[in-house]
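Undergrad: give me a 3D structure for the following:
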Amino acid sequence: MKPRALVVEDDDRIIGSIEDSLFSIGHEHDWVTNQHDAQEKLRDTEYTYVLLDLQIPAKPNRGGADKEFGCNLLKDIQQIKGPGRIPVIVMTGYSADCLDLSTELSRNGARDFISKPFLNKGRTLSSVIRQVLSVYPETVPPEVPSVAERLSLRSFSGGELLLFEDRAELCGVVIMSDMGAGHSLKILNVLTRQDGHGRFVRRSGEELATAIGIAGQAGTVGGCVRRLRENVTRRLERHLNLSADADAIIRNDSQGYFLNDWISVGDPNSPRKTAIVTGAIRTVPGDRGGKVMTATSDTTGDKVMSQFNERQEWVLREIRKGTQLQRVMLEKRFCIHSRTAKRDLAELTLRGLIEYVGDGRSGHYTLRATP
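TA: Residues are numbered from 1 along each chain as shown. Below you'll find the predicted structure:
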């Protein structure tokens, strides 16, 4: 897969030069303009690195760009992705401010700095990116699944898809949230329609683009489908210990894109039980402290899956008791790796049940406040 960057920049005048640099070195990217949208993208997508403008707004359509929000986002990246797990290149038009903050920024994850406007020769943006990526793997080894983890994966063979107003879930796992224009969610809504024979419809890229209101942008549809496939493969493995092919949910042939026939579309307004199609998931040993998912039966006798594993249920109980829970407490309680603890907590966060408050290691998880 090509390297993918998250570009955090609110100045339309400079994004063109950034995109040209990334295209020239064969990198893909997502672009956001503020701290809030960057947080959402980081929770939803895996990135190779981040290009961060310090002077950004805190929220979309609010204005008020300030370097404080960029500095805070730098801390957010370490919290969401894990300390030092993803390199950040800071872009700034205020060199003096960057020098004053260099120690703090480096401590919070900045790996290099580049001034705007970018140079056309010498220390160009593309050269800085290449330099950072060339040395980064030497200082922070990538997390490679152990042999035991790889052998424990089971093949995905279908499941229930639920479409909400702001997200899509497959087998109880959030596979995407509504970001920006929400094209991916609209595409899924179109593809869940059935023909007179009860089969999922087939739609070409052009037809999907027209159906979701972006006529003539079949390339955008293709990009959305590609990212959705990547999310499904990665998240089913991470959260349910399942191995899924790229076309596990969306396939395509000469007639266009269509949903795989082992996908069932459920009603998001029905009681939440995270039902799984028979044979889709088997109960498999997980880390010490419980199974990956626990099988139960409903009144019809069909197999369904508990929403949470034993570790996640413990987290919710402890927080409800008033415990200021930190990740290390989960690791010690169940003798698990930090990667497993992060995965458990990330899923509860994505479901909107808990949130992290405070800064860095001094913060803790609490129940998410009801709006």
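Undergrad: tell me the helices and strands packed up against the lengthiest helix in the chain.
TA: Counting by DSSP state H, the longest helix found in the chain is helix 218-240. Identification of packing neighbours for helix 218-240 by 3 or more Cβ pairs under 8 Å, 6 or more residues apart in numbering; DSSP states H and E yields strand 173-177, helix 183-191, helix 205-211, strand 242-243, strand 250-253, helix 338-350. Heads up, the C-betas are built off the backbone N, CA and C, glycines and all.
Undergrad: which one of these lies closest to Ile89?
TA: Between Ile89 and the helices and strands packed on helix 218-240, the tightest spacing by Cβ to Cβ is seen for helix 338-350, at 23.7 Å.
Undergrad: name every strand pairing with the following helix or strand past the closest one and say which way it goes.
TA: Per DSSP states H and E, the first helix or strand lying C-terminal to helix 338-350 is strand 354-357. With DSSP bridges as the test, strand 354-357 is paired with strand 364-367 (antiparallel).
Undergrad: ok, back up a step: mean pLDDT lowest for which of the helices and strands packed on helix 218-240?
TA: Ranked by mean pLDDT, the helices and strands packed on helix 218-240 end with strand 173-177 at the bottom, a mean of 74.
Undergrad: ok, residues contacting that one?
TA: The contact list for strand 173-177, computed with Cβ atoms under 8 Å, 6 or more residues apart in numbering, reads 40, 44, 166-169, 184-185, 227-228, 231-232, 235-236, 239-240, 249, 347, 350-351.
Undergrad: please point out which parts of stretch 40-53 sit buried.
TA: Using 16 or more other Cβ atoms under 10 Å as the test for burial, stretch 40-53 gives Lys41, Leu42, Asp44, Thr45, Tyr47, Thr48, Tyr49, Val50, Leu51, Leu52, Asp53.
Undergrad: what is the end-to-end distance of that stretch?
TA: Taking Cα to Cα, to the nearest Å, stretch 40-53 runs 17 Å from one end to the other.
Undergrad: now that stretch, how far from the centre of its chain.
TA: Its chain's C-alpha centre and that of stretch 40-53 lie 8 Å apart, by Cα atoms, centre = their mean, to the nearest Å.
Undergrad: same deal with stretch 354-366?
TA: A distance of 19 Å separates the centroid of the chain from that of stretch 354-366, by Cα atoms, centre = their mean.
Undergrad: so how far is the first residue of it from its last?
TA: 6 Å.
Undergrad: which residues touch it?
TA: Contacts for stretch 354-366 (Cβ under 8 Å, 6+ apart): 75, 78-79, 315-316, 319, 324-327, 345, 348-349, 367-369.
Undergrad: Arg343: neighbour count?
TA: Counted with other Cβ atoms under 10 Å, the neighbours of Arg343 add up to 17.
Undergrad: ok, Gly109 next?
TA: Gly109: 21 surrounding residues under other Cβ under 10 Å.
Undergrad: next: the one 5 residues further on.
TA: Residues contacting Ile114 under the criterion other Cβ under 10 Å number 20.
Undergrad: please name the spatially closest residue to it (chain neighbours excluded).
TA: Nearest non-adjacent residue to Ile114, counting by Cβ to Cβ, 6 or more residues apart in numbering: Val128, 5.1 Å away.
Undergrad: show me the contacts for that neighbour.
TA: By Cβ under 8 Å, 6+ apart, the contact list for Val128 reads Ile89, Asp112, Ile114.
Undergrad: could you say which helix or strand contains it?
TA: Val128 belongs to helix 125-139 when elements are defined using DSSP H and E.
Undergrad: which among the contacts of strand 173-177 end up buried?
TA: 44, 167-169, 184-185, 227-228, 231-232, 235-236, 239-240, 249, 347, 350-351.
Undergrad: helix, strand, or coil at Trp31?
TA: Classification of Trp31 by DSSP: H, G, I helix; E, B strand; the rest coil places it in strand.
Undergrad: I'd assumed Ile14 was in contact with it.
TA: No. If you go by Cβ atoms under 8 Å, Trp31 and Ile14 don't touch, sitting 11.1 Å apart.
Undergrad: show me which residues of stretch 24-41 are buried.
TA: Judged by neighbour count using 16+ other Cβ under 10 Å, the buried positions of stretch 24-41 are 27-39, 41.
Undergrad: sorry, back to before: and the buried ones among the contacts of stretch 354-366, selectable in ChimeraX?
TA: Remark: buried members of the contacts of stretch 354-366, expressed as a ChimeraX selection using 16+ other Cβ under 10 Å:
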select :75,78,79,315,316,319,325,326,327,345,348,349,368
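Undergrad: if I look at the residue nearest in space to the middle of the chain, how far off is Leu236?
TA: Residue closest to the average C-alpha location in the chain (Cα atoms, centre = their mean): Asp44, at 1.8 Å. The spacing between Asp44 and Leu236, counted by Cβ to Cβ, to the nearest Å, is 15 Å.
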